[in-house]
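In: dropping the sequence and predicted coords here.
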Amino acid sequence: RLRAMGIKTRAAAVLGTRQVFFAVLATSATLVSVFVPISFLPSTAGRLFQEFGFVLAVTVMISSFVALTLVPMLASKLPNRDVSEQPGPVRKLIVAIGNAGKSAYTVPLDIVLRTPIIIFVFCGIVIAGAWLAYLQLGEELVPEEDRGKITVRLTGPDGVGLPYTDRQVEAVEKIMAPYVESGVVERLFAITGSWDLNRGLIDAPLIPWEQRTISEGDIAAEVSKKLVQIPGAQARVQRTNSLNLRNADGGLEIALIGAEYPHIFAETNKFVRLMEAEIPWISNIRVEFRATQPELSINIDRRRATDLGVDIDDLATTIQVLVDKFEVAELTVNDKAVPIMLLASEEAINEPADIANLYVSAAGGRLVPLSQLISFSESSVPAELDRHAQRRAIEVNADIAPGYSLREAIDAVRALAAESLQGDVGLIFLGEAKALTETSHDLAVTYLIAFVVVFLVLVAQFESLTSATVVMLTVPFGICAAIFALFITGTSINIYSQIGVLMLTGIMAKNAILMVEFADQLREQGMSPLDAAREASLVRFRPIMMTMVSTVFGGLPLILGTGPGAEARVAIGWVIFGGLGMAAAITLLLTPVLYSKIAGLSNPRSESGDVLASELEAARRREAPAE
């Protein structure tokens, strides 16, 4: 711009750097203040984006250093421009495009400056529309991701052996076989008796993303429909996500906690029936507590053992040796401890009656049959007992019907629990639901901290409360634009899109800073707030449009990219691509109107400095006679 006025290149580089110095510092400090809080998120989001925030902050600082040092030096090496020289065709085209855009911008700018109520009404409509669009958006922890692997876990009845479980695993392998034959699944890796004899696991890694036309989600949906037809076992597909959360397959995982398992189990059954009746779109509800594991207990008649002179410790040791093993000593061999274990022979105990037919020593060297001292009782108990939040718990898993988000499921279940659960039984969320709740809270706190820090940085940079207020009032419309972008593209509110919104607020603040900083310079020269706002908007229009266009088109690779992690990149890309385009159109008109109305509440910095200097001079004069 200065070179076009006939100023020599070197002088133009110096003057231009001086003009934008504070603007560059303000924008850099603002962006760093936005990105750094991301790295301090304490939840799962913090672990994921710790490097993300620091890398962006450091990149912005390096970019600012380059902009204030290398760029002016390179600009000073450009040839001097002769204003009388006729421009070439390329330059004419570029100038014509720039002038056309500036002319198109001047008309609505003058209208809103003369009649600011227009932009204020429009902004009210934007806020109302964004709120309605936000209510229609689904919220989830992460979008559905294709991680290239499907896992099937199955659970048979308690008490069954490996042959039974192996038959169920083979049934799952037959369901997965067509995908192996078609080349979509690389191989099957099956484990029978995973963690327990009645459990099985089948891992099915998929071929690379670019070599298949069917997604992991489509395969999981097809397999899930077939798994429900397997009799005698409960099988379900499990998928992973980028946060590496257990059961992160879009379902709902909760737990009811209390003091006693029987009472919790009774309340859980009631609550599940209510969920099935009141929330029908939450289906396939599974209570992870089944008291069906057969257990054989050995009961010792202590009084009779005492009457017969049998030592209780000897009796307990004998029974332990018969049913398990007992460490009698420890031998050190080559500086290595080797335990000496006492075991019963393999054929000694085959059934409970074999234990009763054995003898134990009593006082006086007599032998007493165990049948005189013990009795057997059979019962069914849970295979495992869960604890969460330092209390006894019973887990409940469920699937969410298509068209409903995880946030809707959380809100519905929480409301139902508040109405139905009584006494000491409470409800907590696990898995994705827990991570979503924690992450949403942490991101809200991060937004708040970022806004406060950015506001304080702007006040320090502008040395003006009003100028900082003008910039901050434009930021919410960047969030509104992001909501519209998510709504139009059908993207959910997730951890990635929320990070994109945080980035968008920093970029939007940068655009407003370019206008406000130059308007402050014009006010220093004696212009009124209205004239300064108009002139600054027209002068900064091209730089703002250049940065906006480059940033918007920089988001296209994120949207068009495919392969691993594409879901996360698309969520961020749509926020930047769509949100920034709409937000820039709003702030280009809103910022000058706000500045013309708010900046007049404070004096220019030069006047404030003159007042301060006169006050200091007056104070020195008052003190002079005393000295």
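Out: Now that the structure is in, tell me what you want to look at. None of the values given here were measured: they were computed from a predicted structure. Residues are numbered from 1 along each chain as shown.
In: run through who's touching stretch 22-38.
Out: With contact meaning CB atoms under 8 Å, 6 or more residues apart in numbering, stretch 22-38 is reached by 46, 49, 52-54, 56-57, 60-61, 63-64, 67-68, 446, 449-450, 453-454, 457-458, 461-462, 499, 502-503, 505-507, 509-510, 513-514, 517-518. Where C-beta positions appear, they are placed from N, C-alpha and C, glycine not excepted.
In: which residue, other than its chain neighbours, is closest to residue 175?
Out: Using CB to CB, 6 or more residues apart in numbering and skipping the chain neighbours, the partner closest in space to residue 175 is residue 226 (4.8 Å).
In: a strand runs through that neighbour, doesn't it?
Out: No - counting by DSSP: H, G, I helix; E, B strand; the rest coil, residue 226 is not part of a strand but helix.
In: and it, how many neighbours?
Out: 14 (other CB atoms under 10 Å).
In: kindly report the same for residue 55.
Out: Using other CB under 10 Å, residue 55 has 13 other residues around it.
In: could you check how far residue 26 is from residue 64?
Out: As judged by CB to CB, to the nearest Å, residue 26 and residue 64 stand 10 Å apart.
In: what about these two, which has more around it?
Out: Between residue 26 and residue 64, counted using other CB under 10 Å, the more crowded position is residue 26 (24 against 17).
In: remind me which residues of the protein are low pLDDT?
Out: Within the chain, the stretches with pLDDT under 70 are 1-6, 42-48, 81-88, 242-250, 346-347, 563, 565, 605-620, 622-627.
In: in it, which residue is most central in space?
Out: What sits nearest the mean C-alpha location of the chain, by CA atoms, centre = their mean, is residue 495, with 3.2 Å.
In: thinking again about what came up before, list buried residues within the contacts of stretch 22-38.
Out: Neighbour-count burial (16 or more other CB atoms under 10 Å) applied to the contacts of stretch 22-38 gives 46, 49, 53, 56-57, 60, 64, 67, 446, 450, 453-454, 457-458, 461-462, 499, 502-503, 505-507, 509-510, 513-514, 517-518.
In: how about residue 91, what does it touch?
Out: Contacts of residue 91 (CB under 8 Å, 6+ apart): none.
In: how far does the helix or strand harbouring it sit from the chain's center?
Out: Counting by DSSP states H and E, the element that carries residue 91 is helix 89-114. Per CA atoms, centre = their mean, to the nearest Å, the displacement of helix 89-114 from the mean C-alpha position of its chain is 41 Å.
In: name the next helix or strand following that helix along the chain.
Out: helix 116-136.
In: tell me which residues are up against that next one.
Out: When contacts are defined by CB under 8 Å, 6+ apart, helix 116-136 is touched by residues 111-112, 476-477, 479-481, 483-484, 486-487, 493, 586, 589-590, 593, 596-597.
In: tell me which element residue 591 is part of?
Out: Using DSSP H and E, residue 591 falls in helix 580-598.
In: name the helices or strands packed onto that helix?
Out: helix 89-114, helix 116-136, helix 465-489, helix 495-524, helix 529-554 (3 or more CB pairs under 8 Å, 6 or more residues apart in numbering; DSSP states H and E).
In: can you add distance to residue 272 and give those helices back as TSV?
Out: Output for the helices and strands packed on helix 580-598, formatted as TSV (distance: least, CB to CB, whole Å):
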stretch	distance to residue 272
helix 89-114	57
helix 116-136	29
helix 465-489	34
helix 495-524	30
helix 529-554	49
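In: and those helices, which is most packed in?
Out: helix 495-524 (a mean of 25; mean count of other CB atoms under 10 Å).
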